[in-house]
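1. give me the fold of what follows.
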Amino acid sequence: MLLRTGLLLVALSALTACAPSAPARSPAEIAATAASMTPSDPKLAELYTHACKACHAVAGSGAPLTGDRAAWAPRVAKGLAALKASVAGGYKGMPAGGQCFTCTPSDHEALIRFMADQPIS
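-> Predicted structure coming up:
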């Protein structure tokens, strides 16, 4: 019985590895998605629109686009504390505070999580 279960798991793993993955999105699709995304929370939506969207929804700005998980992945890998520190102090072309003069640290965290569109620890 144990051998049969083991063989079944191996077979399922092989089938999963051969399954087609989601097709890669084009830069135009990624930019269109970024341009259309807005936080569902009205306060965050206003902060995002006034402080983040000008760069994080514009291809070629140098900022990772909102919802572009591949672009956010190396940043997410650094952890939430590092991302919050980058926002607080500024990073490359992003000014300190992300140009959000009314954002609290909690707002920054929520906005980062929204833009990254994936779990961050």
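2. residue contacts, the closest residue to residue 93 other than its chain neighbours?
-> What sits nearest to residue 93 in space, not counting adjacent residues and going by Cβ to Cβ, 6 or more residues apart in numbering, is residue 62, at 5.4 Å. The C-beta positions use only the backbone N, C-alpha and C, and glycine is treated the same way. Counting by Cβ atoms under 8 Å, 6 or more residues apart in numbering, residue 62 touches 55, 92-93.
3. and with 10 Å instead?
-> Applying Cβ atoms under 10 Å, 6 or more residues apart in numbering, we find residue 62 in contact with 55, 92-94.
4. and the gap between residue 35 and residue 61?
-> In this structure, residue 35 lies at 12 Å from residue 61, with Cβ to Cβ, to the nearest Å as the measure.
5. more neighbours: those two, which one.
-> When residue 35 is set against residue 61 and neighbours are counted by other Cβ atoms under 10 Å, the residue ahead is residue 35, at 16 against 13.
6. and residue 54, that one's in a helix?
-> Yes - note on residue 54: a helix contains this position according to DSSP: H, G, I helix; E, B strand; the rest coil.
7. count the residues that sit near it.
-> For residue 54, the count of nearby residues is 12 (other Cβ under 10 Å).
8. let me see the mean pLDDT of the helix or strand harbouring residue 108.
-> Residue 108 belongs to helix 105-116 when elements are defined using DSSP states H and E. Predicted confidence along helix 105-116 averages 98 (mean pLDDT).
9. and that helix, what does it pack against?
-> When contacts are defined as 3 or more Cβ pairs under 10 Å, 6 or more residues apart in numbering; DSSP states H and E, helix 105-116 sits against helix 42-47, helix 53-56, helix 69-78, helix 80-89.
10. pLDDT below threshold where in this structure?
-> Applying pLDDT under 70 to the chain flags residues 1-22.
11. residue 45 touches residue 38, doesn't it?
-> Yes - between residue 45 and residue 38 there is a contact at 5.0 Å, judged by Cβ atoms under 10 Å.
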